[in-house]
Structure formats: structure tokens, C-alpha cells
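Trainee: here's my sequence, what's the structure:
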Amino acid sequence: MTTELRELPYLQETPFTADHCLKCNICTQACPVVSVTDLFPGPKTVGPQAQRFRDPDLPSPDRSVEYCSGCGICTLVCPHGVRVMEINAQAKAKLAEARGFSLRDWILGHNAWWGVLGTLFAPLLNRLFRFKPFRWLVEKTLGISARAAFPTWAGYTFRSWWRKRERRRVVPADNSRPVVVYYHGCSTNSYEPHIGKLAVQILEHNGFRVIVPPQACCGLPLQSNGMFAEARRFARKNVHALADYARRGIPIVGTASSCIMALKSDYEHVLGMHDADTKALASGVYDFCEFLWHLHQQGKLKTDFRPVSAFPLEVRALIGDSIVPYHAPCQLKAHGIGRPALDLLDLIPELRAIEMDAECCGIAGTYGYKAEKRQIAEDVGAPLFRRIRESGARLAICDTETCRWHIAQMSGARVVHPIELLAYAYGIAPEQPAII
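Mentor: Below you'll find the predicted structure:
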């Protein structure tokens, strides 16, 4: 392919991909939102079809695009390469800019700030968000659903743990080891730092020297709420901080599939950042399980996994003799990397993890936290929740944080990141057990 052909706008610019739409309706058939509500006519209708009527200088003509959850399944299944979800995301942003941003959307978009600021008041805030009258008040005043599963603040951040660990290091870092960059994301930093700890320990167990450079929120919450200008500011910070590592062949690994998808694809195809640094970063970013599976395929992954019978008693009791349901979140599917978590979990003796036959859990990041969309989120995920309950499993697995919280709330199972089971199999455990 010549340089001139690669630079043609219909191959680079998301809106131009609408011209490839043949109205086959495969995206509409696959859309999890269409099947549960009449408020959304489908990704084809509000995406490539409506795109032909959109003036770049005017707001979106169709408000129903607001009900697109942004799950990305439409883009994934399109046989013609139309970036349906990305077209919808850009249209939603135009609509939000025209009408102005609500306080609710501003709050949901700035989760990175609330995570860090809330750490200072973790005990108080954790109690407050469990207090039903407070949640009712928040819904009535801000429109944030009282039924949504809110995370709990850990009381410390992953970055504070990392800084203390580096200061206490007695033995100098082994510069002969291959280097990997860890991108932790906001959730791991404030709500689930144990996942970051396990990621570092697993990478070190496999012979890597881990570095955690300065980094910003991936910008996805802002992007999802239409705040593209601010999302781009976060994106540029990450590109500036991380692109050089990718250029030097140093892999950048993350434990939040949605954040990593933002770095891999959304910066370019949703936010419209087509510069060389953004492309360089995208080429060097890996989902955590994707990276480990690549190591295994190269014969470099340590497979000294203990069987489930050697896990701590409390963890064995949760796993029992049943299968462990696994849900691949939509953002992970959008990576186009298969199911590396399942492949890795198959290496653990005595563990039977099976993917649930359900497309989407429904939460879609901040989508299911909005009061007017909460019922849609619950209805979309209902088949998944039912299958988990019918399996009798007390433990389930999912790669993305908001999906885990939502599935746990709606199914009654304890839902963990695959990294937690891998850690137990390696004989690694956090300071406080991740599962129990």
C-alpha cells in the first residue's frame, strides 16, 4: 500500500467510514441496547445512516444517539469496516457541546479526580455511599442512579504504594532485566490498588523490571460523556509520557481493558488524534492478559502454577467444584485479541473457567450510572446475570472494573479480575487477600 493510499481520509477519518455502510443491519442485530428498549433505533440508523445528514458545523439531528451505550459491538461485527460506535461517539459529543454539559456528566467524567480526592476521606465516603437515603438524594438532585454499584475507596492509592516500595528498595534495580511499563488507570489507583500490586509482582515473577512513569486518566469517562476537548488533554499527556517507550520497543501493559482500548484505538478513531506519537503509542500497548499470553506463545511465560487445591482455604471454598464463569467485556472484545484471560486460566491445574454466552453486561462505563439509563443497563445484562446464578457459581471473572462491580451486584457472585486467580496460582497474594 502506497503512502498516498494510506493517507486517504476514508481510511483514516472515522466519519468517512460511513460511506462503506451497505445497510446490512448486522450491527443492529448485534446491538444489545436495541433488544431491550424502543428509545434507541439502532447503531446503523443513528450512526452511518444519520452521518450522511450531519453538517460538521451543526449539532447532531438525532437525540436518540444518546442511548448508544458505546459498547463497540457494532464496530466489531461490521463486515465492511465501518466504525459505527466511533461515529456515534462523535455525534454524541456534538450534541453534548450544543446543549451544554450537565453537572452529572461532569462528575462522572472526572472520576480520576474523585478517586484521588476521595482517598483522603475513604471511611466516611464508603459509609455515605452505602447509606440509601444519601443515594436517593444523589439520584434526585444529580441523576446518578441510586441502584448503581459504586466502588469503595481503598484508603490509599496504588501510586503511593509504588513510591514507598521504590524508596524502600534495598537491592538496586536489575538493569539487565527486560523492562515493561505498567499503566494502572484510575480505578486501580484509587479503588483496587491490590490489582496493581499483583500486576507488578506477576511481571517481576516473569523476569521483568517494572516501571510506572507519570500518567494521566485515559480520558474515556470524559469521552463517554461528550467532553472531547478535555479528553484530548488527558490523551496528549499520556501520549507525551508514554509514546517514547513504545518507540524504544518497551511494552506498555495495563490491567483495565477499557483504558488500554482508549490508548490503542480511541485516541485516533474517536478523538481524531492522527499524529505520529499517538500511532506510536497505540502500537506498543497491550492488555495485561494479552501480554502474558504472547509470552506463553513465545515460550517465555513461567508456568509454575499451583493447582486450585493449593490455594488458600477461603479461595478454594469460593471456587468449589463448579465451573468459574468468565465474562469478556465489550471493550476487551474490541481489542480483537480473542480471550487471552481464558487461555491463561486454562494453564492453572484444576481450574475450570468457561465463558458465559452473553454479549454485554450492560453497564458500559458510566452509561449504567445514569438514572434514565439504569433500567436499560440491567435489562441488557439480564441474560448474563441469569446464567451466572443458574451455574451456582460463587465466584466469577471479568477483566474490566465497572463490569465487575455491576455483575457482582446483579448476580450475587464475587467477581474478580483474572489477575487475582493467576496470582494465587503463582503463590503470590496481596497484603490483604484480593478475593476473600
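
Trainee: excluding residues flanking it in the chain, which one is nearest the residue nearest the centre of the chain?
Mentor: Nearest residue to the geometric centre of the chain (Cα atoms, centre = their mean): residue 258, 2.2 Å. Excluding the flanking residues, the one nearest residue 258 by Cβ to Cβ, 6 or more residues apart in numbering is residue 331, at 4.1 Å. C-beta here means a position set from N, CA and C on the backbone, and glycine is covered the same way.

Trainee: quick one: distance of stretch 400-418 to the chain centre.
Mentor: In this view, stretch 400-418 has its centroid 13 Å away from the chain centroid, taken as Cα atoms, centre = their mean, to the nearest Å.

Trainee: now do stretch 304-323
Mentor: Chain-centre distance of stretch 304-323: 27 Å, with Cα atoms, centre = their mean.

Trainee: buried set for it?
Mentor: Across stretch 304-323, burial judged by 16 or more other Cβ atoms under 10 Å covers 305, 308, 311, 315, 318-319, 323.

Trainee: can you check stretch 118-135 too?
Mentor: For stretch 118-135, by 16+ other Cβ under 10 Å, it's 118-119, 122, 125-126, 129, 135.

Trainee: so what does residue 353 have for phi and psi?
Mentor: Backbone geometry at residue 353, expressed as degrees, to the nearest 10, gives phi -110, psi 130.

Trainee: surely it is in contact with residue 322?
Mentor: No. If you go by Cβ atoms under 8 Å, residue 353 and residue 322 don't touch, sitting 10.8 Å apart.

Trainee: can you give me the neighbour number for residue 334?
Mentor: Number of residues near residue 334 (other Cβ atoms under 10 Å) recorded here: 20.

Trainee: surely it is in contact with residue 74?
Mentor: No. Taking contacts as Cβ under 8 Å, residue 334 lies outside contact range of residue 74: 10.3 Å.

Trainee: what do those two both touch?
Mentor: Both residue 334 and residue 74 lack any common contact, where contact means Cβ atoms under 8 Å, 6 or more residues apart in numbering.

Trainee: so what's residue 220 closest to, chain neighbours aside?
Mentor: Closest residue to residue 220 apart from its sequence neighbours, by Cβ to Cβ, 6+ apart: residue 262 at 4.6 Å.

Trainee: the one you found in helix, strand or coil?
Mentor: Under DSSP: H, G, I helix; E, B strand; the rest coil, residue 262 falls in the helix class.

Trainee: about what we covered before: now, among the buried residues of stretch 304-323, which is nearest to residue 254?
Mentor: Proximity of the buried residues of stretch 304-323 to residue 254 (Cβ to Cβ) peaks at residue 305, which lies at 22.6 Å.

Trainee: for that closest one, what are its contacts?
Mentor: 347-349, 422, 425-426.

Trainee: can you do 10 Å?
Mentor: By Cβ atoms under 10 Å, 6 or more residues apart in numbering, the contact set of residue 305 is 344-345, 347-351, 421-422, 424-427.

Trainee: again, but for residue 424
Mentor: Applying Cβ under 10 Å, 6+ apart, the residues near residue 424 are 198, 305-306, 308, 310-312, 315-316, 319, 348, 351, 416, 433-435.

Trainee: at 7 Å instead, please
Mentor: Contacts for residue 424 (Cβ atoms under 7 Å, 6 or more residues apart in numbering) come out as 311, 315.

Trainee: surely residue 194 is within a strand?
Mentor: No. Counting by three-state DSSP, residue 194 is not found in a strand; it is helix.

Trainee: low-confidence stretches in this structure?
Mentor: For the chain, applying pLDDT under 70 flags the ranges 1-12, 54-61, 170-173, 430-436.

Trainee: now with 80?
Mentor: For the chain, the stretches flagged by pLDDT under 80 are 1-12, 15, 51-63, 169-175, 322, 429-436.

Trainee: what ranges does it have for its strands?
Mentor: Using DSSP state E, the strands of the chain run over residues 179-183, 209-211, 252-254, 285-287, 324-327, 353-355, 395-398, 414-416.

Trainee: nearest to residue 87, of the ones you listed?
Mentor: Here strand 285-287 is closest among the strands of the chain (Cβ to Cβ), at 23.1 Å.

Trainee: and the gap between residue 386 and residue 396?
Mentor: Applying Cβ to Cβ, to the nearest Å, the value for residue 386 to residue 396 is 13 Å.

Trainee: more neighbours: those two, which one.
Mentor: Remark: of residue 386 and residue 396, residue 396 carries more neighbours, 25 against 14, as counted by other Cβ under 10 Å.

Trainee: residue contacts, that one?
Mentor: With Cβ under 7 Å, 6+ apart, residue 396 has these contacts: 324-325, 327, 388, 407, 411, 413, 415.

Trainee: just residue 391 next, same as before
Mentor: Taking Cβ under 7 Å, 6+ apart, one finds 322-323, 325 in contact with residue 391.

Trainee: again, but for residue 316
Mentor: 308-309.

Trainee: now residue 278
Mentor: Per Cβ under 7 Å, 6+ apart, neighbours of residue 278: 239, 267-268.

Trainee: just give the nearest non-adjacent residue to residue 52, would you?
Mentor: Spatially, and ignoring its direct neighbours in sequence, residue 52 is nearest to residue 18 (6.6 Å; Cβ to Cβ, 6+ apart).

Trainee: how far is the longest helix seen in the chain from where the chain is centred?
Mentor: Using DSSP state H to assign secondary structure, the helix with the most residues in the chain is helix 228-247. Centre-to-centre, helix 228-247 and its host chain are 17 Å apart (Cα atoms, centre = their mean).

Trainee: cool, stretch 44-52 as well?
Mentor: Relative to its chain's centre, stretch 44-52 lies at 26 Å (Cα atoms, centre = their mean).

Trainee: ok, now stretch 243-259?
Mentor: Relative to its chain's centre, stretch 243-259 lies at 15 Å (Cα atoms, centre = their mean).

Trainee: okay, how far is it across stretch 24-34, tip to tip?
Mentor: 16 Å (Cα to Cα, to the nearest Å).
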